[in-house]
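Enquirer: Kindly return the folded structure for what I paste below:
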Amino acid sequence: MADLILTKSVLDKTKIEIENALIRAGVNTVLLIDEAGNVVTACKHKNCDLDTTSLAALAAANFGVTAQIAKLIGEDDFALLFHKGKKDSIHFARISNDLILVTIFGENVSLGLVRLRVAQLAKTIEKAFAQIN
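Expert: Residues are numbered from 1 along each chain as shown. Here you go, the predicted structure:
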C-alpha cells in the first residue's frame, strides 16, 4: 500500500458525504478503513456504542481472508461482502485498492438501498482521495 497522506478538508468532505448518503438513510455505523484495519473515518448515530478499532481490524482481516478464498476459486478478489444477522447486517465494499467501506444497518434499511448508496459513494470517495495522491 502506498503512503496515504490525508488532509482535514478531504476527511471532512468524506465524512459529510457518508453522513448524507448512509447515516441519514438510517444506517447505524459506517467506517472507512484501510486494508491494514486502520480507521480513516467513522460515522455513527449518537446512540451507537461500538468498538470501531476492533471492528476495523476484524473487517480488514475478513476482507483479506475472503480475497484468498476468491483466488482459490479463480477470482482476483471479491469487491463486496455481506453478512446478515438476526437484527443487524454488515456490508463491506472495496473502495479503490486501499480502502474498505464497512456499513452496519438494521432491518429498517434495505440491502438494495445500501448497495446503491455505497456504489454512488465509492465514486465520490475515490475522486476525493485521488486528488491528494
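Enquirer: which intervals of this protein have sub-threshold pLDDT?
Expert: Along the chain, the model assigns pLDDT under 70 to residues 1-4, 46-48, 132-133.
Enquirer: In this protein, which residue is most central in space?
Expert: Leu101 (0.9 Å; CA atoms, centre = their mean).
Enquirer: could you say which helix or strand contains that one?
Expert: strand 99-106 (DSSP states H and E).
Enquirer: Point out the other helices and strands that that strand packs with.
Expert: When contacts are defined as 3 or more CB pairs under 8 Å, 6 or more residues apart in numbering; DSSP states H and E, strand 99-106 sits against strand 29-34, helix 52-72, strand 88-95, helix 111-130. (C-beta placed from N, C-alpha, C; glycine too.)
Enquirer: Asn108 - how many residues pack around it?
Expert: The burial count assigned to Asn108 is 9, neighbours taken as other CB atoms under 10 Å.
Enquirer: same question, Ala67
Expert: 15.
Enquirer: Pull up the gap between it and Asn97, please.
Expert: For Ala67, the distance to Asn97 equals 12 Å [CB to CB, to the nearest Å].
Enquirer: again with Val39
Expert: Separation of Val39 from Asn97 (CB to CB): 18 Å.
Enquirer: Repeat that for Thr124.
Expert: 17 Å.
Enquirer: Repeat that for Glu19.
Expert: Applying CB to CB, the value for Glu19 to Asn97 is 25 Å.
Enquirer: which residues touch the closest residue to Ala119 other than its chain neighbours?
Expert: Nearest residue to Ala119, sequence neighbours excluded (CB to CB, 6 or more residues apart in numbering): Ala93, at 7.8 Å. By CB atoms under 8 Å, 6 or more residues apart in numbering, the contact set of Ala93 is Ala79, Leu80, Ile100, Leu101, Thr103, Val118, Ala119, Ala122.
Enquirer: neighbours around the residue nearest to the last one when sequence neighbours are not counted, how many?
Expert: Nearest in space to Ala122, with sequence neighbours left out and distances taken as CB to CB, 6+ apart, is Ile95 at 4.9 Å. Other residues within reach of Ile95 by the criterion other CB under 10 Å amount to 20.
Enquirer: Having no further points to raise, I will conclude here.
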